[in-house]
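>>> coordinates for the following, if possible.
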Amino acid sequence: MMKSILASCSLLVVLAVGNLPVRAQTSKPAPAPTEKPAPATKAPAAQTPTASPAPASPAAPQTKVSADELKKFAGATKQLLTIVNETEGKMVQAVQKQGLSETRFNEIYQSKKTPGTKPAAQITPKEEESYKQAVSQLTQIQKDAQAKMDQVVQAQGLQMDRFNQIFVAVQNDPQLRQEVRKMIQN
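Numbers count the residues shown, from 1 in each chain. I've put the predicted structure just below:
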């Protein structure tokens, strides 16, 4: 459900499964309570860190990643997976606690995001209020998860900028990607 809030912010679950998203974690602030979270997608991901690196172009120079940095990156990624899973569960619970199903939340979200889109059923005043409360809770959950993720990366001895650079290198190098997968699985 709120997985795409996470997915728009991260890489981790997809990395563990073997696919990498187009961009690394970004570090923009969580949406304000008036902003709406994105609808659900299949693969959750972690929260938003700090710098938003541009996707590497084919002509971009390869970033050199030492074995130690790759080990730190994999260690951070493994820990971030736990945070992602916990956050996803909390987000689903927050929506359900407000009396909305994931499907209904997404319908309301889509109708707010795209004014021409009509939900399957008219939004009741009670649903509107529940939706607003859920968005507020999701924003806080997102901020909390982001803080935890930043701490994990720093505890591994990496700065977010370097983590993001390594991510781009892993994304663009199948051999590095395979090495990270092996490290995460062990």
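
>>> got the phi/psi numbers for Thr114?
With angles defined as degrees, to the nearest 10, Thr114 shows backbone torsions of phi -120, psi 100.

>>> could you do Gln98 as well?
Note on Gln98: backbone dihedrals following degrees, to the nearest 10 are phi -90, psi 0.

>>> okay, now it: neighbour count?
Other residues near Gln98 come to 20 when the count uses other Cβ atoms under 10 Å. In short, each C-beta sits where N, CA and C put it, glycine included.

>>> test my guess that it contacts Glu127.
No: Gln98 is not in contact with Glu127 according to Cβ atoms under 8 Å; the separation is 9.1 Å.

>>> give me the neighbour count for Gln151.
Should you count by other Cβ under 10 Å, Gln151 turns out to have 12 residues around it.

>>> do the one 4 residues further on as well
As a burial measure, Ala155 scores 12 neighbours (other Cβ under 10 Å).

>>> ok, it to Leu100 distance?
Taking Cβ to Cβ, to the nearest Å as the measure, Ala155 and Leu100 are separated by 36 Å.

>>> list the helices and strands the helix or strand Phe163 falls within packs on?
Under DSSP states H and E, the secondary-structure element containing Phe163 is helix 160-172. Contacts of helix 160-172 with other secondary structure elements, assessed using 3 or more Cβ pairs under 8 Å, 6 or more residues apart in numbering; DSSP states H and E, are made with helix 67-97, helix 125-155, helix 174-185.

>>> now the shortest one: buried residues?
The reference is to helix 174-185. Using 16 or more other Cβ atoms under 10 Å as the test for burial, helix 174-185 gives Leu176, Arg177, Glu179, Val180, Arg181, Ile184.

>>> between the residues you listed, which is closest to Leu81?
In terms of Cβ to Cβ, no member of the buried residues of helix 174-185 lies closer to Leu81 than Ile184, at 7.7 Å.

>>> name the nearest residue to that closest one, sequence neighbours excluded.
The shortest distance from Ile184 to any non-neighbouring residue, by Cβ to Cβ, 6 or more residues apart in numbering, is to Lys78 (5.0 Å).

>>> show the pLDDT at the one you found.
Reported pLDDT at Lys78 in the predicted model: 95.

>>> can you check Lys36 too?
Spelled out, the predicted local distance difference test score at Lys36 is 37.

>>> check the one 4 residues further on too.
Per-residue confidence for Ala40 comes out at a pLDDT of 37.
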